[in-house]
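In: Sequence and predicted structure are below.
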Amino acid sequence: RKEVEQDPGPFNVPEGATVAFNCTYSNSASQSFFWYRQDCRKEPKLLMSVYSSGNEDGRFTAQLNRASQYISLLIRDSKLSDSATYLCVDMYSSASKIIFGSGTRLSIRP
Amino acid sequence: EPEVTQTPSHQVTQMGQEVILRCVPISNHLYFYWYRQILGQKVEFLVSFYNNEISEKSEIFDDQFSVERPDGSNFTLKIRSTKLEDSAMYFCAIQREAQETQYFGPGTRLLVL
């Protein structure tokens, strides 16, 4: 069973649209989650941490649902520059290992 | 300002050759990681390193791989006898404290011929 699963997409949405991704995880003991974005042939870059109470950073909102073991990312008023692959990350409680999802590709069209 | 740099940015090598990939943190960090990403696939954990020893390693990190921090600064990944399937992007990541964000270097693209 995969430890972190994401819908690979691609999601192709018009500029200004709202888009949401979900990610499910299998380890109920996991403590920390993050969303990273990765542009083509570049390194993953932290987008935001995911807190139990949910958190917002500008146009981005992250939510964690421990009961159903999923996290979500909502992007409002999408920009062309939001086009990237979004990686869901599960950091095990040991902090010695993080597990990446395979990523969700997002393409914003003018 | 990047937290970490990696050298070289690209490396082409012949199968069976040894390669050393380097990770240079900009400031003091406690936790170091290596990941790889085969083209078109997901980022895969290789190894974590804390207090000058390996904390955890994945099944990918076999006897062909080793890591060290020889001068207390640079963090290296050595592949002793490269195979074709070692061709990938190798990312170093650093972390100041446990459970905090990991920052990734720009990666080394390794091509084994």
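Out: Now that the structure is in, tell me what you want to look at.

In: near chain B at all, the lowest-mean-pLDDT helix or strand in chain A?
Out: Lowest by mean pLDDT, DSSP states H and E among the helices and strands of chain A is strand A:98-100, with a mean of 86. Yes. Interface with chain B: strand A:98-100 contributes A:98-100 (C-beta under 8 Å from any C-beta of the partner chain). (Glycine included, C-beta is placed from N, CA and C.)

In: Including distance to A:F11 and neighbour count, could those go into a markdown table?
Out: Listed next are those as a markdown table, based on distance: C-beta to C-beta, whole Å; neighbours: other C-beta atoms under 10 Å in any protein chain shown:
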| residue | distance to A:F11 | neighbour count |
| --- | --- | --- |
| A:I98 | 24 | 23 |
| A:I99 | 22 | 21 |
| A:F100 | 18 | 22 |
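
In: Check which helix or strand the most centrally placed residue in chain B maps to.
Out: When C-alpha atoms, centre = their mean is applied to chain B, the residue found nearest the centroid is B:W34 (3.4 Å). Using DSSP states H and E, B:W34 sits in strand B:31-37.

In: elements contacting that strand?
Out: With contacts taken as 3 or more C-beta pairs under 8 Å, 6 or more residues apart in numbering or on different chains; DSSP states H and E, strand B:31-37 sits against strand B:19-25, strand B:44-50, strand B:88-95.

In: Let's see that with 10 Å instead.
Out: Using 3 or more C-beta pairs under 10 Å, 6 or more residues apart in numbering or on different chains; DSSP states H and E, the elements in contact with strand B:31-37 are strand A:98-100, strand B:19-25, strand B:44-50, strand B:53-57, strand B:65-68, strand B:75-79, strand B:88-95, strand B:108-112.

In: mind giving me JSON lines with those strands and columns for distance to A:M91?
Out: Output for these, formatted as JSON lines (distance: least, C-beta to C-beta, whole Å):
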{"stretch": "strand A:98-100", "distance to A:M91": "5"}
{"stretch": "strand B:19-25", "distance to A:M91": "19"}
{"stretch": "strand B:44-50", "distance to A:M91": "11"}
{"stretch": "strand B:53-57", "distance to A:M91": "12"}
{"stretch": "strand B:65-68", "distance to A:M91": "20"}
{"stretch": "strand B:75-79", "distance to A:M91": "19"}
{"stretch": "strand B:88-95", "distance to A:M91": "10"}
{"stretch": "strand B:108-112", "distance to A:M91": "24"}
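
In: out of these, nearest to B:T101?
Out: For these, proximity to B:T101 was assessed by C-beta to C-beta; strand B:88-95 is nearest, at 7.0 Å.

In: show me the residues around the residue lying closest to A:V89 once chain neighbours are set aside that make contact.
Out: In space, and not counting its chain neighbours, A:V89 is closest to A:F34: 4.3 Å by C-beta to C-beta, 6 or more residues apart in numbering or on different chains. Shown in contact with A:F34 (C-beta atoms under 10 Å, 6 or more residues apart in numbering or on different chains): A:44, A:46-50, A:62, A:71, A:87-91, A:98, A:100, B:101-102.

In: hey, what's A:F34 bridged with?
Out: A:S49, A:V89 (DSSP bridges).

In: contacting residues around A:N12?
Out: For A:N12, the contacting residues are A:19, A:83, A:105-109, by C-beta under 10 Å, 6+ apart.
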